[in-house]
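> next input, structure requested:
(chains A and B)
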Amino acid sequence: MLEEEQVAFFLASRLITRGNKGTLLLTVTIIALVFVNLIFLPSIIAGVVILFNQQTIDYSYGNLVIEPRENELIITKANELQQKINRIPGVVASSPRYFGGSTIVYKGKSASPLIVAIKPSDEVQVLRTHTKIESGDFLSDADRDQIVLGRTLAGREDQKVDRVASLGGAGVGKTVEVTFQNGVTRQYRVKGILYSGTSATDSNAFITRKEYEDIMGTTDAANQILVKTRTTGDEDAMRITLMQYGVQEQVWTWEDKSADFLKSIVGSFDIINFISTIVSLIIAIVIIFIVIFINTVYRRKQIGILQAIGIDRSIIIKSYIFQALFICACGTAAGCVLLLLVLQYLTASPLVFPGGPVAPVLELSLVAEAVASLFVVSLIAGYVPSWLTTREEILSAIRG
Amino acid sequence: MIEGHRLSKIYGRGSVEVRALDGADITIGRGEFVGITGASGSGKSTLLHLLGLLDRPTSGNLLIDGVDVNALSEKERTAFRLNRLGYVFQDYALVPELTAEENIFLPSKVRGMTSKECTRACRDILALVGLKDRVAFLPGEMSGGEQQRVAIARALINNPALLLADEPCANLDTKNSTVILELLKKLNHDLNQTVVMVSHEEWHQRYFDRVVTLQDGKILSDGRPDVEGA
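Residues are numbered from 1 along each chain as shown, chains lettered A, B, ... in the order given. This next block holds a predicted model:
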């Protein structure tokens, strides 16, 4: 270490260790709280984004979505394509789906949901909707006159509390009347109510693919084939693999399908996060600045004397910067401990969002960013007041 | 050692100006113990501030050890204060968070002395001022007289060519004042240390080789002290 820095460090260490402990503790606590504030909200947002992503994979799309070739409305020979996909390395399972518009009537109340035709035994291997049956049971392959309704669609008896048009409380065992796109009307017994927490899924109705094909007069057709891959995160590579294995239909990743929705959510959170971060940093600047400023003003005479006995102002400035950095380091360390305690608590008792429990996700880059921001702030807050005080004439400073 | 020619210091602007020092000529030789006296507002502290490079004269020339100190930059003046001057303040001006030893070795640490050298020099100088048992004491744990002796030790640590003392006994009782004056006299005598001290106490004059008396910013008299009167 250079001589000047050594002396500045020596001065700073003595002023801190033999200075007012109460003030030091208070400042460190404030910096710790600012640090937690800088990290906490982004980590919750990261947790929410992860929840949304996982929900999209688990209840809406799987990892990959195969859709009809361009200018075609359906995938023909869906079963053959499904078998082909299932043989591709890295694919766990796939589930063809056929869906279309419908009108469902229950006790004079009607709604027009998307009706999704699935083969339950395939579906359970790709999505986890079957684990989210709130009441009743999920469909089985042999079901013909049974229907599963999403909770939003089924609604509640008191329709005032429903946010969208619903069937007003169509429960398990009740009979609903479904009119399909081709005008065929049939009655179905409600086998189960699904609540996944994903609004798009919870607004749909589900019947078996076999039943749907009978009504629509189609065979071996699908609008979509959902694919579950062995690992999440390498969807782009898997899409290329599927193409290399001769899948000529359009292949999308779950991110492609939910891009706009996720972008709007993440975008909104980013704005909140940005504002929160800026406010936190301004608070940090103001607090560290006030503390160092009061400290330097209080020691104005001492600074003048140090200059009078030949201590260069750069040494004095550095000693105050060291003090600010030390306070910041202690505050950051205390903030880390506080944050870990908060995170531990929230992991044990997660915040419950409409989609499910959200545990905060601590990203190292975020922590590094917060630490770096606080250190820059401390550098500024340590430098400016000491620079201002040492610029003063020595005699004015000594006279206080 | 010191050659001050037509030194003036004017405070204020325009019609409201105060001539704290008004064309003072002063010469001080090496090894002298000079007392600067005068009534309040006579300009004695202003003169010491100029000699201590804590302030710049409005006009006039000042040579210390052959260096035209007015021509020095702020950084050079700081280095000059560190290496060639020792300054003792009226109210001791010690850093309250540093022990006696730390207060003393701070200037030598800035000069680049190693910790070992600093400690040795410190112990020697504390012994010289009679405080070797106060090494680890904080200023708040020492009496006024002891604090002032630490301040003198701090001023001496870098072997300055010139020791300046601004009413070092102002806050001390007669007993402690005597200790300080005798210490300064001893340093002057034993180490041939040039000492310039501001004082308004007549009885202090018996310690000075020479007394410069100021009045209204001008030198009223300059000569041997009136020991009989003191």
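
> in chain A, which residue is most central in space?
Centroid-nearest residue in chain A: residue A:49, 1.7 Å away (criterion: Cα atoms, centre = their mean).

> so which strand or helix has that residue?
Assigning secondary structure by DSSP states H and E places residue A:49 in helix A:21-55.

> give the other helices and strands that that helix contacts.
Where contact means 3 or more Cβ pairs under 8 Å, 6 or more residues apart in numbering or on different chains; DSSP states H and E, helix A:21-55 is packed against helix A:259-298, helix A:313-348, strand A:351-353, strand A:356-358, helix A:364-391. C-beta: built from backbone N, CA, C; applies to glycine.

> burial measure for residue 199, as a count.
Just going to use chain A. When neighbours are counted by other Cβ atoms under 10 Å in any protein chain shown, residue A:199 registers 14.

> chain B is the one I meant
Neighbours of residue B:199 (other Cβ under 10 Å): 24.

> report pLDDT for it.
Looking at residue B:199, its pLDDT reads 92.

> against chain A, how distant is it?
Distance, residue B:199 to chain A, using Cβ to the nearest Cβ, to the nearest Å: 19 Å.

> can you pull the contacts of that residue?
B:35-37, B:167, B:169, B:205 (Cβ atoms under 8 Å, 6 or more residues apart in numbering or on different chains).

> quick one: which of these has the most company?
Neighbour max across the contacts of residue B:199 (other Cβ under 10 Å) = residue B:36, 30 neighbours.

> wait, what's in contact with the residue lying closest to residue A:105 once chain neighbours are set aside?
Leaving aside its sequence neighbours, residue A:105 sits nearest to residue A:177 (Cβ to Cβ, 6 or more residues apart in numbering or on different chains; 4.6 Å). By Cβ under 8 Å, 6+ apart, residue A:177 lies in contact with A:104-106, A:185-188.

> could you name the specific helix or strand carrying residue A:177?
strand A:175-180.

> could you dump the contacts of residue A:177 to JSON lines with pLDDT and distance to residue A:241?
Below are the contacts of residue A:177 laid out as JSON lines (pLDDT from 0 to 100; distance: Cβ to Cβ, whole Å):
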{"residue": "A:104", "pLDDT": "95", "distance to residue A:241": "39"}
{"residue": "A:105", "pLDDT": "94", "distance to residue A:241": "45"}
{"residue": "A:106", "pLDDT": "92", "distance to residue A:241": "45"}
{"residue": "A:185", "pLDDT": "95", "distance to residue A:241": "44"}
{"residue": "A:186", "pLDDT": "95", "distance to residue A:241": "41"}
{"residue": "A:187", "pLDDT": "95", "distance to residue A:241": "44"}
{"residue": "A:188", "pLDDT": "96", "distance to residue A:241": "39"}
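
> out of those residues, which are buried?
Neighbour counting by 16 or more other Cβ atoms under 10 Å in any protein chain shown classes A:104-106, A:186, A:188 among the contacts of residue A:177 as buried.

> contact residues of chain B facing chain A?
Residues of chain B lying close to chain A by Cβ under 8 Å from any Cβ of the partner chain are B:49, B:52, B:54-55, B:75, B:78-83, B:85, B:87, B:89, B:93, B:95-98, B:102, B:106-107, B:109-110, B:112, B:138, B:154-155, B:158.

> from these, which land in strands?
If you go by DSSP state E, those have B:85, B:87 in strands.

> buried subset of the residues of chain B next to chain A, written for PyMOL?
In PyMOL, this line selects whichever of the residues of chain B next to chain A come out buried by 16+ other Cβ under 10 Å:
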select buried, chain B and resi 49+52+54+55+78+79+80+81+82+85+87+89+93+95+97+98+102+106+107+109+110+138+154+155+158
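
> residues contacting the closest residue to residue B:118 other than its chain neighbours?
Setting aside the residues directly before and after it, residue B:118 is nearest to residue B:105 in space (Cβ to Cβ, 6+ apart), at 3.9 Å. For residue B:105, the contacting residues are B:113, B:118-119, B:121-122, B:157, by Cβ under 8 Å, 6+ apart.

> now, of those residues, which are buried?
B:113, B:118-119, B:121-122, B:157.

> pick out the most distant pair among these.
B:119 and B:157 (11.5 Å; Cβ to Cβ).

> re earlier: could I get the contacts of residue B:105 as TSV with pLDDT and distance to residue A:250?
Below are the contacts of residue B:105 laid out as TSV (pLDDT from 0 to 100; distance: Cβ to Cβ, whole Å):
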residue	pLDDT	distance to residue A:250
B:113	85	78
B:118	87	78
B:119	88	80
B:121	88	84
B:122	89	83
B:157	88	84
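
> sorry, back to before: strands paired with the strand holding residue A:177, and their directions?
Its sheet considered, strand A:175-180 pairs with strand A:91-106 (antiparallel), strand A:185-194 (antiparallel) by DSSP bridges.

> dump the residue contacts of residue A:329.
Neighbours of residue A:329 in contact, by Cβ under 8 Å, 6+ apart: none.

> same thing but 10 Å
When contacts are counted by Cβ atoms under 10 Å, 6 or more residues apart in numbering or on different chains, residue A:329 touches A:28, A:31, A:371, A:374-375, A:378.

> chain B: which of those residues is nearest?
residue A:28 (18.1 Å; Cβ to the nearest Cβ).
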